[in-house]
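Engineer: Sharing a sequence plus its predicted fold:
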Amino acid sequence: MKYFFASLFCVLLGPTQLLFSQDGNTIELGNTLSIHSQILNEDRKLLVSLPDSYQDPSKANSTYPIIILLDGFVHFKTTSAIVGFMGSRTNRNYLMPETIVVAIENVDRERDFTVTKLKTKRPNTMGGGKNFLNFIEKELIPFLDDKYRTTSHRTLIGHSLGGLLTINAYLDKTKLFDTYLAIDPSIWWDETVMLEKVRRTTQASIGKKLYLATANQGKANYERNKKRHDSFIAFLQERWGEKLKIKQDYFEKEDHRSVPLPAIYEGLKYLNKTVEQ
């Protein structure tokens, strides 16, 4: 683990150091794109990181899986560095395939990441999560498949409210993604609806892989956070038992803001682990 964090530190700092090198060369972590969504009726900005081998002429026929990353601007650099480290053929890390990372920048995360509306004194835009998932399925993924050399294997990563949407997408019977990484998800948002969705899960839903990371939010938030994560997993296990492909990790030394970095590493390691490994 120490080696991982040391390597990640170098990857994150590398481009900054090269900016001040004598020849002025830089390494680009990724590029930005914009897509207009008719479903959302707005333009959405994307941050895209391609694998090292993507531009290699000898790999011109190679195809790559995709990670769709929520809260794009916040987690793009960290996730791209971790994915690059774990899939690097240079240092022979074969923890996961070389993968395209596509991060969606936020417009209204409360609208896009929640599938139900809570009653509040102020006006709110909550409850647009299903619409946002429709945008990903019907507009974003076809756009990416047309623009890049992609495989059909896709992973969704979300933190906090993004983790809540990730859980809701996992429980959906449609197979939009193959693997799901939910980082300290806000299950407290509408727990009753969440548990009802678990009751309605089908074999198609639980046939997918889910990694859930729980942070230590202290005693004051135990009921709201860890207890609800544990109850959610227990409820799924009670209903489906050994058929589940789920792993939950509790990061006792990490809080809600620090947990994404280790959770993304451990989560991708689990989600890409094969039976043979």
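Structural biologist: Yep, that arrived. Numbering: from 1, shown residues only.

Engineer: measure residue 149 to residue 59 for me?
Structural biologist: Remark: distance between residue 149 and residue 59 (CB to CB, to the nearest Å) = 9 Å. Heads up, the C-betas are built off the backbone N, CA and C, glycines and all.

Engineer: Next secondary structure after the strand or helix carrying residue 78?
Structural biologist: Per DSSP states H and E: residue 78 is located in helix 72-86. Downstream of helix 72-86, the next assigned helix or strand under DSSP H and E is strand 100-104.

Engineer: Quick one: end-to-end length of stretch 208-222, please.
Structural biologist: Stretch 208-222 has an end-to-end distance of 28 Å (criterion: CA to CA, to the nearest Å).

Engineer: in that stretch, what's buried?
Structural biologist: By 16 or more other CB atoms under 10 Å, the buried positions in stretch 208-222 come out as 208-217, 221.

Engineer: and of those, the nearest to residue 236?
Structural biologist: Nearest to residue 236 among the buried residues of stretch 208-222: residue 210, at 8.7 Å, using CB to CB.

Engineer: Would you agree that closest one falls within a strand?
Structural biologist: Yes - using DSSP: H, G, I helix; E, B strand; the rest coil, the assignment for residue 210 is a strand.

Engineer: separation between it and residue 181?
Structural biologist: 8 Å.

Engineer: hang on, residue 33 in a helix?
Structural biologist: No - under three-state DSSP, residue 33 sits outside any helix and is assigned strand.

Engineer: Setting aside sequence neighbours, what's the nearest residue to it?
Structural biologist: residue 46 (4.4 Å; CB to CB, 6 or more residues apart in numbering).

Engineer: now residue 117
Structural biologist: Nearest to residue 117 is residue 127, by CB to CB, 6+ apart, at 3.9 Å.

Engineer: so the one you found, which of the three states?
Structural biologist: coil.

Engineer: wouldn't it be in contact with residue 120 here?
Structural biologist: No - if you go by CB atoms under 8 Å, residue 127 and residue 120 don't touch, sitting 11.7 Å apart.

Engineer: Which one of these two is surrounded by more residues?
Structural biologist: residue 127 (16 against 8; other CB atoms under 10 Å).

Engineer: For the most centrally placed residue in the chain, give me phi and psi.
Structural biologist: Among the residues of the chain, the one closest to the centroid is residue 157, at 0.8 Å (CA atoms, centre = their mean). With angles defined as degrees, to the nearest 10, residue 157 sits at phi -120, psi 130.
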